[in-house]
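In: what follows is a predicted protein model with its sequence.
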Amino acid sequence: MMINASEYGVKPNKEIGKELSALFKKMAETEGEKTVVFETGSYFVDAENCDTEMLYITNTAGDNEYKSSETPHQAKVVFNLKNIKDLKIEGNGARFVINGKATNAAIQGCENIEINNIEIDYDNPDLHELTVINIGKHYVDFEIDENTKYEFRKGKFYFIGTGYETNLLKTYKVAWHLSRVREEDINTIERTRNIISTLFKIKDLGNRKIRMYYIKPYGFKMGDRYCFFGRRRQYAGIFSDKTKNLTLNHVAQRFNYSLAFVAQDTENITLNGLDFSPSKETGRLMASAADFLQICMCRGKVSITNSKFEGACDDCLNVHGVHFKIVKAESNTITVKFMHKQSHGYNPIRVDDEVAFIDSKSLLEKGTAKVISSKLINENEIEIQLKSMENAVEGDVIEDITACPELDFKNNTVNRIATRAVLITNRPKTVVEGNHFNSNSMSGISIADDAQNWFESGMCKDVVIKDNVFEYCGDTPIRIIPENRVHKGAIHSNIKILNNTFKKYEGTCITIKSTENIEIKGNTFNSEDRLKTTNCTNIDTDF
């Protein structure tokens, strides 16, 4: 069935928020395979005209980050897909420009969804760049980027736009999330010190220039660009929850207030030809205020190929499970808790899943059990009935080892990432191959696992890292460091690091801890300091 979006009033060169909502409600009612076709052109969406949804999204915003007057986790949604089956969206290069703050797409309870050839951007988002143009004895002059709208009111400076009015001095006085790009290294974005905390006055110089006064400015260099943006991860880019068979082909996102793509409890994800990078027309350096890709407790196969990721203030890709803490164990039932404030409010644990009991100090598995029933009893706790309670100990954690996908991350370009390029804590077969990690300020590939901080699980048991180029990394290019507090045995195993090229790094290229069965061969190193290991066994190298 072919459906023209224009038949529902979704036409180029007009505002289509309400019409878009009505179109997808109709698709939820329409049986069988169907393709929605958009005409080529630009579409405009006012966030206030979009559906409002309660979205509990992993690794985003905790309840404590909202004001008392706000409803936590409430967000406007532009592409609101709920309980839709067998839908293909053919965008034909359609460009959707959003005015205001919103989640670009929420795909919930769907099956067999394919989205092709669309671009999503924002009109005057709450992202701003200030460039150093002059440095005096007690001041620094900045030029404001051409996309930003601002006002001076009674000596106070405001960024202004739909859905926000940001007092620069007040809002960023205690901010920890500013980013900087040095003029001499335009591809490297890094988290930096707060240049507002010691500021005591701002003066309007006119012509998009301002002067910031300091007792003594330090650390500034001519041409440096500072990025200002909100730290609350309320509005995701594309969000998938409890969905099966999701494909995105040639989807571009030019800015996101939060995670650019985040999937939880989703089975089989194919992402190909994505372009998550700033629009060239704006000249911006950032495209996402947080991670580009977050995959949490998903299933089946996740494939990410032939894509461009440029300009994020957190990881490019993070694939992980959740270490739920056992807070109660009696009879054949355990109660487990989300331990990180930015993840809660959803239940990804299903009947017949297998959970592993994990010692929180050593991160080693003590045994497994099958799930008989699972229910969310409040925003933070899940009650699980198990077939076996033999290894259930209050204070330990569990990992749902059924909710772990196979992963391919192949032939992608990763650039201007403020933290790690790829962060993996994932049990099934994982292949990271043929990628160009151009510049990231921390490690290129990090294999973690923790039950103390983010509570992101779990063990990696089959990882191949091959034919990648690590152009620049601000920290160890490949870092395999589980966060166990005591070593009682290997946590990760069966890691192959083959035929990679390490450039522009003079420290230790590969650091590994608490891991067994490691093969490192055919790599080209810039540094003689190639490998450092701690509590590792069975290491096979050709150097």
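Out: Here it is on my side, so go on.
In: next, count neighbours for residue 254.
Out: When neighbours are counted by other Cβ atoms under 10 Å, residue 254 registers 23. Just so you know, the C-beta spots here come from the backbone N, C-alpha and C atoms, and that holds for glycine as well.
In: equivalent analysis for residue 404, please.
Out: Residue 404: 25 neighbours (other Cβ under 10 Å).
In: now do the phi/psi pair for it.
Out: Backbone torsions of residue 404, given as degrees, to the nearest 10, read phi -140, psi 120.
In: part of a strand, is residue 45?
Out: Yes: with DSSP: H, G, I helix; E, B strand; the rest coil as the criterion, residue 45 is part of a strand.
In: pretty sure residue 266 contacts residue 240?
Out: Yes: shown here, residue 266 and residue 240 form a contact pair, counting by Cβ atoms under 8 Å, at 4.6 Å.
In: shared neighbours of these two, anything?
Out: Listed contacts common to residue 266 and residue 240 are residue 246; contacts here mean Cβ atoms under 8 Å, 6 or more residues apart in numbering.
In: for residue 265, list the residues it contacts.
Out: Residue 265 is in contact with 241, 242, 297, 298, 299, 346, 348, 403, counting by Cβ under 8 Å, 6+ apart.
In: do you know how far the second one is from residue 339?
Out: Relative to residue 339, residue 242 is positioned 22 Å away (criterion: Cβ to Cβ, to the nearest Å).
In: kindly report the same for the fourth one.
Out: As defined by Cβ to Cβ, residue 298 lies at a distance of 20 Å from residue 339.
In: of those two, give the one with the bigger neighbour count.
Out: Between residue 298 and residue 339, counted using other Cβ under 10 Å, residue 298 has the larger neighbour count: 26 against 20.
In: okay, now the nearest residue to residue 343 once chain neighbours are set aside: neighbour count?
Out: Using Cβ to Cβ, 6 or more residues apart in numbering and skipping residues adjacent in sequence, the residue nearest residue 343 is residue 58, 4.6 Å away. As a burial measure, residue 58 scores 27 neighbours (other Cβ under 10 Å).
In: so which of the contacts of residue 265 wins on neighbours?
Out: residue 298 (26 neighbours).
In: look up phi and psi at that residue.
Out: phi -100, psi 180.
In: center of the protein, which residue is that?
Out: Centroid-nearest residue in the chain: residue 291, 2.6 Å away (criterion: Cα atoms, centre = their mean).
In: all helices for the chain, in order.
Out: Using DSSP state H, the helices of the chain run over 17-29, 168-171.
In: which two of the contacts of residue 265 have the greatest separation?
Out: The largest separation in the contacts of residue 265, counting by Cβ to Cβ, is between 299 and 346 at 14.5 Å.
In: sorry, back to before: the residue nearest to residue 343 and residue 346 touch, don't they?
Out: Yes: counting by Cβ under 8 Å, residue 346 is a contact partner of residue 58 at 7.3 Å.
In: gap between residue 418 and residue 226?
Out: Distance of residue 418 to residue 226, computed by Cβ to Cβ: 13 Å.
In: tell me, what's touching those two both at once?
Out: Counting by Cβ under 8 Å, 6+ apart, the shared contacts of residue 418 and residue 226 are residue 179.
In: neighbour count: those two, which is higher?
Out: Using other Cβ under 10 Å, the more surrounded residue of residue 418 and residue 226 is residue 418, with 27 against 18.
In: give me every residue that touches the more buried one.
Out: Taking Cβ under 8 Å, 6+ apart as the criterion, residue 418 is in contact with 179, 189, 190, 191, 312, 313, 314, 440, 441, 442.
In: and the third one, what are its bridge partners?
Out: So that's residue 190. Residue 190 forms beta bridges with residue 180, as assigned by DSSP bridges.
In: give the contact list for it.
Out: Shown in contact with residue 190 (Cβ under 8 Å, 6+ apart): 179, 180, 181, 418, 441, 474.
In: right, and the second one touches residue 188 too?
Out: No: the pair residue 180 / residue 188 is not scored as a contact, 9.3 Å apart, by Cβ under 8 Å.
In: can you list phi and psi of residue 124 for me?
Out: Phi and psi for residue 124, reported as degrees, to the nearest 10, are phi 50, psi 60.
In: please look at residue 235 and residue 259 and confirm they touch.
Out: No: in this structure residue 235 lies outside contact range of residue 259 using Cβ under 8 Å: 9.5 Å.
In: picking that back up, can you put the contacts of residue 265 in JSON lines and add distance to residue 131 and pLDDT?
Out: JSON lines is the format used below for these (distance: Cβ to Cβ, whole Å; pLDDT from 0 to 100):
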{"residue": "241", "distance to residue 131": "39", "pLDDT": "98"}
{"residue": "242", "distance to residue 131": "44", "pLDDT": "98"}
{"residue": "297", "distance to residue 131": "41", "pLDDT": "98"}
{"residue": "298", "distance to residue 131": "40", "pLDDT": "98"}
{"residue": "299", "distance to residue 131": "45", "pLDDT": "98"}
{"residue": "346", "distance to residue 131": "41", "pLDDT": "96"}
{"residue": "348", "distance to residue 131": "44", "pLDDT": "97"}
{"residue": "403", "distance to residue 131": "45", "pLDDT": "98"}
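In: closest to residue 207 among those?
Out: residue 241 (46.9 Å).
In: how near is that closest one to residue 510?
Out: 36 Å.
In: count the residues that sit near residue 375.
Out: The burial count assigned to residue 375 is 11, neighbours taken as other Cβ under 10 Å.
In: per-residue pLDDT, the residue nearest to the centre of the chain?
Out: For residue 291, the pLDDT comes out at 96.
In: ok, the one 5 residues further on next?
Out: pLDDT, the model's per-residue confidence, is 98 for residue 296.
In: on that earlier part again, turn the contacts of residue 265 into TSV, including distance to residue 66.
Out: Shown next, in TSV, are the contacts of residue 265 (distance: Cβ to Cβ, whole Å):
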residue	distance to residue 66
241	20
242	24
297	24
298	27
299	31
346	18
348	23
403	28
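In: of the residues you listed, closest to residue 320?
Out: Nearest to residue 320 among those: residue 297, at 8.1 Å, using Cβ to Cβ.
In: just checking, that closest one touches residue 324?
Out: No: look at residue 297 against residue 324 with Cβ under 8 Å: they stay out of range, at 10.2 Å.
In: select the longest strand from this structure.
Out: Using DSSP state E, we find that the single longest strand of the chain is strand 85-99.
In: just the angle for it relative to helix 17-29, thanks.
Out: Going by axes from the mean of the first three to the mean of the last three Cα atoms, to 10 degrees, strand 85-99 is angled at 170 degrees with respect to helix 17-29.
In: pairing partners for strand 85-99, with directions?
Out: The pairing partners recorded for strand 85-99 under DSSP bridges are strand 34-37 (parallel), strand 42-46 (parallel), strand 111-122 (parallel).
In: list the contacts of the shortest one.
Out: So that's strand 34-37. 1-5, 23, 27, 86-90, 92.
In: partner residues bridging residue 423?
Out: So, taking DSSP bridges as the rule, residue 423 has residue 318, residue 446 as bridge partners.
In: quick one: the closest residue in space to residue 479 that isn't next to it in sequence from residue 287, how far?
Out: Among residues not flanking residue 479 along the chain, residue 443 sits closest, at 4.2 Å (Cβ to Cβ, 6+ apart). For residue 443, the distance to residue 287 equals 21 Å [Cβ to Cβ].
In: residue 418 too?
Out: 12 Å.
In: shared neighbours of these two, which are they?
Out: Common neighbours of residue 418 and residue 287 (Cβ under 8 Å, 6+ apart) are residue 312.
In: which residues in the stretch 51-200 of the chain form strands?
Out: Using DSSP state E, counting those that start in this stretch, the strands of the stretch 51-200 of the chain run over residues 51-54, 74-82, 85-99, 103-108, 111-122, 127-135, 139-144, 150-153, 156-161, 164-167, 179-181, 189-191.
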